[in-house]
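**Q** Quick one, structure for this:
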Amino acid sequence: PLRISWGKPVPLPSKPLYVLGEDEAPTGQPFNARSGVADDVPEVQVARPTNNRTLRLIHWTVEHVIRHGPRFECLLISRVHDDPRFRFLVDWQSADHAYYRWRMYSLLCGDTKDHWRQRMFMMYDAVPVWVPPTVAVHPVAWNLESSESEEHGDTELSSRTRGRLQRRVDRVQNSGRGVIASAMAMAVECAHAPEQVVDIVCQAFANAQTPTAKLAKLHLVSDILHNSAAPVANAWRLRQAFEPRLEEVFDALVLAHRAIDARLRAEQFRKRVLAVLAVWETWVVYPAERIYELAANTNNVRVYTVSGSSLTSKLPDWLVRRKRRELQKDIEWTRRIELIQDFGFPEAAMRIKVTPDNQFCMATGVYKPQIRVFDFSNVAMKFDRHTDSENVNFLMLSDDWTKSVHLQNDRSLEFHNEGQMHFRIRV
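**A** Okay, here's the model as predicted:
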């Protein structure tokens, strides 16, 4: 029999102690930790994401952050903070972020991808305590190709799609935003076949007849690389597919640059190409060394590494004598090669000569016409002085740079001292 009687009143709490189906309700603790066995010690129960695609994405992110460092993580967060797929990077209270944080910490502590320690631990000096998940019976792949291939089972473009993409790329003959955006959008949509997309774009480079058309297609490549980080399936594969074909692209640009007869037009073309490379360096599309190689090919110069084996230990531009004596035992310092800062001109150098005392270097160049003196002891430019016309040749009249005579292209002789132009005569 059921007996019903009166009982004492129980006050209702302002918030429910537990809500069925809302395990991720905020608790106010770091990483949304909850009370464990001991009520005064919160615990973070790490759980594997149930969505296999999210799990693969977390594994891919962890692997690349460990490989490229925290800067990669910061850049990734700045680009995909609005992408719901990467919510685990910015939502510190979600269960996916707890799994992401634990997975990275586990690998850095020596665990493998398929086996890890099961004991509870403290990731930080203070609470909470982290409880790892159980070892998976069936390990999950650590790449995105398997999951993305499920969405696009066909990795080949149909003849109709290939023809449409070819026509859109061929219409890119100038730097108009509309045609470039249209070709870029379709290239990203066809990212499940990245090799074919790259083949079409590179073939368009080879078929372009004018420098303007080649420059427009370079802007198309730049837009595709920029949008390779977009939340579109397989878009990231375009960046990998373009990397081995960049030499082909820039070789076509070098040939177009050499075919320009007008000097100013050729220089403008070269600067616009280098401006695109500078943007790529800012976007961190490819490693800086790779971009420097492409810039060297564009400038038709060779690039050598002169900073020693340790590229991370950068030395200041100048050091006091006491500091120099302390660095005499430093191998990297003793094997260094010092380069003169600002050793160049905006357009071109005309004449370069070393003073008889071998302490200074005087050079003339354009544009605007000017004289520059470089100090070898300080490894920097001492001063620059502008002139009315371009220099043809000059001679040193003293052991240092203080006295010199310059023949200008307007048939004038200019005598310079350490402070100014002292005398000028026309011949």
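**Q** burial of residue 12, as a residue count?
**A** 7 (other CB atoms under 10 Å). Placement of C-beta: from N, CA and C, glycine included.
**Q** Name all residues that make contact with it.
**A** When contacts are counted by CB atoms under 8 Å, 6 or more residues apart in numbering, residue 12 touches no other residue.
**Q** So it, which state does it fall into?
**A** Here residue 12 is recorded as coil under DSSP: H, G, I helix; E, B strand; the rest coil.
**Q** mind starting the numbering at 29 from now?
**A** Sure, I'll start numbering at 29, so the last one becomes residue 40.
**Q** gap between it and residue 62?
**A** Distance, residue 40 to residue 62, using CB to CB, to the nearest Å: 21 Å.
**Q** How about residue 452?
**A** 86 Å.
**Q** Check residue 406 too.
**A** To residue 62, residue 406 is 63 Å away according to CB to CB.
**Q** Name the nearest residue to residue 132, sequence neighbours excluded.
**A** Nearest residue to residue 132, sequence neighbours excluded (CB to CB, 6 or more residues apart in numbering): residue 90, at 4.8 Å.
**Q** quick one on the thing from earlier: looking at residue 406 and residue 62, which is more packed in?
**A** Taking other CB under 10 Å, residue 406 and residue 62 do not tie; residue 62 has more neighbours (15 against 12).
**Q** And the helices in the stretch 179-328 of the chain, which stretches?
**A** With DSSP state H, counting those that start in this stretch as the criterion, the stretch 179-328 of the chain has helices at 187-198, 205-217, 222-235, 239-254, 264-270, 274-286, 291-311, 316-327.
**Q** Figure out which of these is closest to residue 445.
**A** Closest to residue 445 of these is helix 291-311 (CB to CB; 33.5 Å).
**Q** and the angle for that closest one with helix 316-327?
**A** 170 degrees (axes from the mean of the first three to the mean of the last three CA atoms, to 10 degrees).
**Q** now the host helix or strand of residue 442: how far from the chain's centre is it?
**A** If you go by DSSP states H and E, residue 442 is part of strand 440-444. Relative to its chain's centre, strand 440-444 lies at 48 Å (CA atoms, centre = their mean, to the nearest Å).
**Q** Ok, stretch 95-112 next?
**A** 12 Å.
**Q** just the CA coordinates of it, formatted as CSV?
**A** The C-alpha coordinates for stretch 95-112 follow below in CSV (Å, rounded to 0.1, in the frame of the first residue of the first chain):
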residue,chain,number,x,y,z
ARG,A,95,54.7,20.9,-36.2
HIS,A,96,54.5,24.7,-36.9
GLY,A,97,54.2,26.1,-33.4
PRO,A,98,51.8,28.4,-31.6
ARG,A,99,52.0,31.1,-34.3
PHE,A,100,50.2,28.7,-36.6
GLU,A,101,47.4,28.3,-34.0
CYS,A,102,47.1,32.1,-33.6
LEU,A,103,46.9,32.6,-37.4
LEU,A,104,44.4,29.8,-37.7
ILE,A,105,42.1,31.2,-35.0
SER,A,106,42.2,34.7,-36.6
ARG,A,107,41.1,33.2,-40.0
VAL,A,108,38.5,30.7,-38.9
HIS,A,109,37.0,32.2,-35.7
ASP,A,110,33.7,32.5,-37.4
ASP,A,111,33.7,29.0,-38.9
PRO,A,112,31.4,26.7,-36.8
